[in-house]
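J.: The following comprises the amino acid sequence and a computationally predicted model.
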Amino acid sequence: MTQNEFAGKVALVTGAGAGIGRSIALEWSARGGVVIVTDIDPAAADSVAAEIGGSAHAMKLDVKDRQAIHDAVATSVQVAGGLDALFNVAGINIPRNIEEMAEDEWYAVLDTNLTSIYRTCKRALPEMRKRGGGAIVNIASVAGILAENRCGAYSASKGGVMLLTRNLAMDFAKDNIRVNAVCPGSTRTPRLEKYWQRSPTGKSEIAVLAPMRRSAEPEEIARPAIFLASSDASYITGASLVVDGGLSAGINVPTFERM
């Protein structure tokens, strides 16, 4: 991947005001691309765009709002000439078991994490086709592979992201549009850091379960996402790249460590 890999190319990033989305926006622009920084928090989007400079454009985007998604893609075309890549990063979690979870909470998680990808892709695909192809990278989760307690809606949504990614890859390969997913494990984002504050150590309780014994930094998830959108991944589509420090590789049996 060259330093100017994305020169002349435009990416739209959802949830780009912080964490993984911010890092993806920074990585894309660092390689010469124009980035549309979107977030439900307009001040956060503005801050990231200002950090990037002239190759970035910021706008508020609630991914549950169909019209807002339409406007975001239209803005990409109007201010930057088209759309070459889409990074679906925006997501939420409401840790409750199914008995405790209110129905509107269930739908909020599914709508934000999964249905929003249907909405963004539906609007972005025609614009990518006009450019002769493109790349879509969806941020799923290791929780879509391994169930997490009290996270039924989240796990269901992220498992759905992985299968939707495969379906999109099958349906749009003929248009030279590649669709892949990244499945992060524990990552140091503002949302997860709020959870860590409730743990006895003040650190991630998931990270200690992984062989690497630490959480990822956001850029460690962003770089694989950027790779999947690059020419280096030109024959990769329908893949779910797990980036979890080895968490899903297997189970650690303490007995064997003592033998």
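T.: Nice, thanks for sending it over. This is a predicted model, so every value here is computed, not measured.
J.: going forward, measure contacts between C-alpha atoms and count neighbours the same way
T.: Noted.
J.: quick one: contacts for residue 199?
T.: By Cα atoms under 8 Å, 6 or more residues apart in numbering, the contact set of residue 199 is residue 205.
J.: how close does the nearest residue to residue 26 once chain neighbours are set aside sit to residue 230?
T.: In space, and not counting its chain neighbours, residue 26 is closest to residue 52: 6.5 Å by Cα to Cα, 6 or more residues apart in numbering. Distance of residue 52 to residue 230, given as Cα to Cα, to the nearest Å: 20 Å.
J.: where does the nearest residue to residue 206 once chain neighbours are set aside land on pLDDT?
T.: Excluding its sequence neighbours, the residue lying closest to residue 206 (Cα to Cα, 6+ apart) is residue 186, at 6.2 Å. For residue 186, the pLDDT comes out at 91.
J.: Next: the one 3 residues further on.
T.: Residue 189 is assigned 87 on the pLDDT scale.
J.: Kindly report the same for residue 196.
T.: Confidence at residue 196, expressed as pLDDT, is 67.
J.: How about residue 244?
T.: 96.
J.: Relative to residue 173, how far out is the closest residue to it other than its chain neighbours?
T.: Leaving aside its sequence neighbours, residue 244 sits nearest to residue 185 (Cα to Cα, 6+ apart; 4.0 Å). From residue 185 across to residue 173, the span is 28 Å (Cα to Cα).
J.: which one of the two has more residues nearby?
T.: Shown here are residue 185 and residue 173; by other Cα atoms under 10 Å, residue 185 has more neighbours (24 against 15).
J.: Make sure the more buried one is actually in contact with residue 221.
T.: No. Under the criterion of Cα atoms under 8 Å, residue 185 makes no contact with residue 221, lying 9.1 Å away.
J.: overlap in contacts of the two?
T.: Going by Cα under 8 Å, 6+ apart, residues that sit against residue 185 and also against residue 221 are residue 243.
J.: Just give the number of residues close to the closest residue to residue 9 other than its chain neighbours.
T.: Leaving aside its chain neighbours, residue 9 sits nearest to residue 33 (5.2 Å; criterion: Cα to Cα, 6+ apart). Residue 33: 22 surrounding residues under other Cα under 10 Å.
J.: can you give me phi and psi for residue 33?
T.: For residue 33, the backbone dihedrals (degrees, to the nearest 10) come out as phi -90, psi 160.
J.: my read: it touches residue 10, true?
T.: Yes. Contact criterion Cα under 8 Å: residue 33 and residue 10 qualify, at 5.9 Å.
J.: just checking, what's the longest strand in this structure?
T.: Scanning the chain for the strand with the most residues, using DSSP state E, yields strand 177-184.
J.: Could you list the residues in contact with whatever helix or strand comes next after that strand?
T.: Elements were assigned by DSSP states H and E; along the chain past strand 177-184, the next helix or strand is helix 190-196. Outside helix 190-196, the residues within contact range by Cα under 8 Å, 6+ apart are 18, 19, 186, 202, 203, 204, 205.
J.: By mean pLDDT, point me to the weakest helix or strand of the protein.
T.: One helix or strand of the chain scores below all others by mean pLDDT, DSSP states H and E: helix 254-257, with a mean of 72.
J.: and the longest strand of the chain, which strands flank it?
T.: Here strand 177-184 has these sheet partners by DSSP bridges: strand 134-139 (parallel), strand 240-243 (parallel).
J.: Report the buried residues of the shortest one.
T.: Which is strand 240-243. Within strand 240-243, the residues scored as buried using 16 or more other Cα atoms under 10 Å are 240, 241, 242, 243.
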